[in-house]
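J.: Quick check, what structure comes out for this input:
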Amino acid sequence: MVSRSRKSPEKQSGTVLLGKYELGRRLGVGSFAKVHVARSISTGELVAMKIIDKKKTIDSGMEPRIIREIEAMRRLQNHPNVLKIHEVMATKSKIYLVVEYAAGGELFEKLVRYGRLNESAARRYFQQLASALSFCHRDGIVHRDVKPQNLLLDKEGNLKVSDFGLSALPEHRSCNGLLHTACGTPAYTAPEVIAQRGYDGAKADAWSCGVFLFVLLAGYVPFDDANIVAMYRKIRKREYRFPSWISKQARSIIFKLLDPNPETRMSVDDVIETAWFQKSLEVRSDVVELDRFLEKEAKTNNVVTAFDLISLSSGLDLSGLLVGRMRKEKRFTAKVSADGVVEKAEMIGEKLGFRVEKKDEAKVVGLGKGRTAVVVEVLELAEGLVVAEVKVADGEEEEEETHWSELIVEFEEIVLSWHN
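T.: You can find the predicted model right below:
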């Protein structure tokens, strides 16, 4: 959790990071990271810069959370209510996450300042949260830490889901599709997660949505006790009371979301279909329809951003950034097909005396020579658009420098353009 400063963030400090961003005021600080507002030197756009201390993350074993957060945000770029990630940069000691700047700060701060919201305002935030989570769930991603502190507001007051450090991706599920890691914030966490049983992540998010809606309308959490065990007992037994001002329709939704039995609990998609949720949607930008449109566009759009090229098929593997020395890697758009790149990699390896290992289905070629290991990964991003990554997986610096230069020269024949 990063605590946020409420000083005016736009004032710049004059510090320029990596020649690309002018650093501004600090927005917040946590155990492993600081967050600043920053201005892009090339475009003038304000962004938020999360500066992570690499050594602290290694010492505490936090690097998997960082990688998971980046990968989740990368996959969810196309939803208007998910905080966008623009760029990932790194030095030997720091990792820099450049994300969308949410000028409105945390929704939690607004609740602290104003207390409970009227039903219309609460419904608007809840619509935006449910729309974003429905989009996440359709992509196989669950958040697992939904609470007002992790929900930001842009300058127009629209909600932005952030802090995906505890999220789970499709590949994190066991063979039966369930999750097993107990995580989250106790007052917002579903009982099956607390019980450390296998659980459906989407249904756990739905429970957190129920707590969230209660908080928006009541001004306090439904389950609260200084004794954690006693609070868990209340959660399991559904022991809470509605304030008199919450409408019957809203009560019904909260009650169905706060069902201790995940099998009968209302899902996020079910909530979206209710009359209470649908009310006033037409007055807004119709978030539900917009996210479905964007999801369709994302599947059909052939435009590849710089971030797509950086992440590639490796799922934005930052493991190399979290150890002492950064390994060499280059990415390129190819003149030939994906199979053509694989064949070329094999030919180059044999020509230069490398050991060659091919993984047909994954379009991956491993090349080994001495203590140097090089991996070539190939991905067809769209019809006629093939991108490849060549990277050193292991080796001694002096030896790998020689082998690296030989390989890069040989690949030039099929390179349309290099990307780093």
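J.: and the longest helix seen in the chain, what other elements does it pack with?
T.: In the chain, assigned by DSSP state H, the helix with the most residues is helix 119-138. Contacts defined by 3 or more Cβ pairs under 8 Å, 6 or more residues apart in numbering; DSSP states H and E place helix 119-138 against strand 159-161, helix 201-218, helix 268-272, helix 275-278, helix 287-300. Yep, even glycine has a C-beta here, placed from its N, CA and C like the rest.
J.: quick one: average pLDDT of the last one?
T.: Spelled out, that is helix 287-300. Helix 287-300 shows an average pLDDT of 43 in the prediction.
J.: same question, the longest one
T.: Along helix 201-218, the predicted confidence averages to a pLDDT of 97.
J.: Direction-wise, compare it with helix 119-138 and give the angle.
T.: 170 degrees (axes from the mean of the first three to the mean of the last three Cα atoms, to 10 degrees).
J.: Could you list the alpha-carbon positions for helix 201-218 in PDB?
T.: The C-alpha trace of helix 201-218 is given here as PDB (Å, rounded to 0.1, in the frame of the first residue of the first chain):
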ATOM      1  CA  GLY A 201     -11.500 -15.800  -7.800                       C
ATOM      2  CA  ALA A 202     -14.300 -14.100  -9.700                       C
ATOM      3  CA  LYS A 203     -16.800 -15.000  -6.900                       C
ATOM      4  CA  ALA A 204     -14.300 -13.700  -4.400                       C
ATOM      5  CA  ASP A 205     -14.100 -10.400  -6.200                       C
ATOM      6  CA  ALA A 206     -17.900 -10.300  -6.200                       C
ATOM      7  CA  TRP A 207     -17.900 -10.600  -2.400                       C
ATOM      8  CA  SER A 208     -15.500  -7.600  -2.200                       C
ATOM      9  CA  CYS A 209     -17.900  -5.700  -4.500                       C
ATOM     10  CA  GLY A 210     -20.700  -6.300  -2.000                       C
ATOM     11  CA  VAL A 211     -18.600  -4.800   0.800                       C
ATOM     12  CA  PHE A 212     -17.600  -1.900  -1.400                       C
ATOM     13  CA  LEU A 213     -21.200  -1.000  -2.300                       C
ATOM     14  CA  PHE A 214     -22.100  -1.200   1.400                       C
ATOM     15  CA  VAL A 215     -19.300   1.100   2.300                       C
ATOM     16  CA  LEU A 216     -20.300   3.600  -0.400                       C
ATOM     17  CA  LEU A 217     -23.900   3.700   0.900                       C
ATOM     18  CA  ALA A 218     -23.300   3.300   4.600                       C
END
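J.: Might you calculate how far that helix sits from the centre of the chain?
T.: Centroid displacement of helix 201-218 relative to its chain, using Cα atoms, centre = their mean, to the nearest Å, is 20 Å.
J.: swap in stretch 350-358?
T.: Relative to the chain's own centre, stretch 350-358 is displaced by 37 Å; criterion: Cα atoms, centre = their mean.
J.: list the buried ones in that stretch?
T.: For stretch 350-358, a neighbour-count test (16 or more other Cβ atoms under 10 Å) marks Phe354 as buried.
J.: now swap in stretch 47-55 and tell me
T.: In stretch 47-55, counting by 16+ other Cβ under 10 Å, buried: 47-54.
J.: And stretch 407-420, by the same measure?
T.: Buried-residue list, stretch 407-420, by 16+ other Cβ under 10 Å: 407-408, 410-411, 414-415, 419.
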